[in-house]
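Student: sequence unknown, structure follows:
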């Protein structure tokens, strides 16, 4: 099916394709269209839409919905993402699959609510407290928002962990022609359920793998869910060996599967002398900048991560070995550039382009920096 959709609407359609049947949220610019779209569509498929009293309650409701067996989604922006952080940490420790959309805008505080931003990208990784794994996807096109939303649900269900989708206001509000594939064309992953009787079920039993099967409430299984470190039965433990090994397992669920989780696009990078590392709307500008550079005989290329967390460390390290420099345009005062620099280990020059005035970084700005670096 061909549709002309806004990025936020495509996100909602991607969620429905993946089997999302529960949304809880609180309206906030520029993510509100995700909620508006699902408020209309979910009742049509016997799903549930809840507008909560605030972002904290919305995140809590999403966790509850998932525990009850729903594929659950929330969407927010700016300060709303900050408010969700404590409950996101709860979901990470209790291994509750869910998807959190952050349509990024300028900040801090109310900032530039109708303008784009990419300054939440470190908050996506480090916003909640404690050691925890994070999967965060960064689509740049409306079609990509659809497919990456499907992938976000799949990763969340497969690895039993929250997954963040972070795209900026421009992409969220942009309208593009997209194709929604028929059911079955894109894979849809559902959580693995226990096969044992309820009396034998241990919700955090890692004896057979790092991702224990997850029972849905109201299907005969009863178990304890707590934000305290817990044993295999879900009840709190104070025994240090279990706490340590269990948190290592949480990290390992993501770290050991980076080859499947990390996704990226390379554009004209094979013979590039200057690389550009950019995501979201900055990645779109960078692609045009590459084409402009090539037209002038400058060998530039683009590395565009669709998975920003876990960070594509190996790929960036390899890139740094074969280019003179890497340009990092981002709609912040400099965040992801430090990850690029960390992985490059001084092997090439790293230069940033920063912008926080509510306008995107232009291809001309990126091309000018490429010329400086080459």
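Tutor: Yes, it's here. Since the model is a prediction, treat every value here as computed from it, not as a measurement.
Student: pretty sure residue 171 contacts residue 7?
Tutor: Yes: the pair residue 171 / residue 7 is scored as a contact, 4.8 Å apart, by Cβ atoms under 8 Å. Every residue, glycine included, has its C-beta placed from N, CA and C.
Student: who touches both of these two?
Tutor: Jointly contacting residue 171 and residue 7 under the rule Cβ atoms under 8 Å, 6 or more residues apart in numbering are 142, 145.
Student: can you give me the strands for this protein?
Tutor: Remark: strands assigned in the chain by DSSP state E are 2-6, 22-25, 48-51, 72-76, 98-104, 135-137, 162-168, 175-179, 264-267, 274-277, 300-305, 307-309, 325-330, 349-354.
Student: looking at those strands, spot the one closest to residue 294.
Tutor: Closest approach to residue 294 among the strands of the chain is made by strand 300-305 (6.7 Å; Cβ to Cβ).
Student: ok, and for the helix or strand of the chain with the lowest mean pLDDT, which residues are buried?
Tutor: Every helix and strand of the chain was ranked by mean pLDDT, DSSP states H and E. The lowest is helix 240-255, at a mean of 94. For helix 240-255, the neighbour count (16 or more other Cβ atoms under 10 Å) marks 246, 247, 249, 250, 253, 254 as buried.
Student: got it, and stretch 174-192?
Tutor: Buried, per 16+ other Cβ under 10 Å, within stretch 174-192: 174, 176, 178, 180, 186, 189, 191.
Student: any idea how far the residue nearest to the last one when sequence neighbours are not counted lies from residue 164?
Tutor: Translated: residue 191. Spatial nearest neighbour of residue 191, chain neighbours left out: residue 157 (4.6 Å); criterion: Cβ to Cβ, 6 or more residues apart in numbering. Going from residue 157 to residue 164 by Cβ to Cβ, to the nearest Å gives 15 Å.
Student: and residue 148, by the same measure?
Tutor: Separation of residue 148 from residue 164 (Cβ to Cβ): 11 Å.
Student: what touches both of these two?
Tutor: residue 137.
Student: for residue 255, see how far away residue 243 is.
Tutor: 18 Å.
Student: out of the strands of the chain, which is closest to residue 225?
Tutor: So among those, strand 98-104 is nearest, using Cβ to Cβ, at 13.3 Å.
Student: pull the number of nearby residues for the closest residue to residue 335 other than its chain neighbours.
Tutor: In space, and not counting its chain neighbours, residue 335 is closest to residue 122: 4.9 Å by Cβ to Cβ, 6+ apart. By the measure other Cβ atoms under 10 Å, the count of residues near residue 122 is 15.
Student: what of residue 211?
Tutor: Residue 211 has 19 neighbours, counted by other Cβ under 10 Å.
Student: not counting its own residues, what contacts the least confident helix or strand of the chain?
Tutor: Contacts of helix 240-255 (Cβ under 8 Å, 6+ apart): 92-93, 95, 131-135, 159-161, 204, 206, 210-211, 229-231, 237, 261, 310.
Student: next step: those residues restricted to helices.
Tutor: 92, 93, 159, 261 (DSSP state H).
Student: and these, which is closest to residue 271?
Tutor: residue 261 (28.3 Å).
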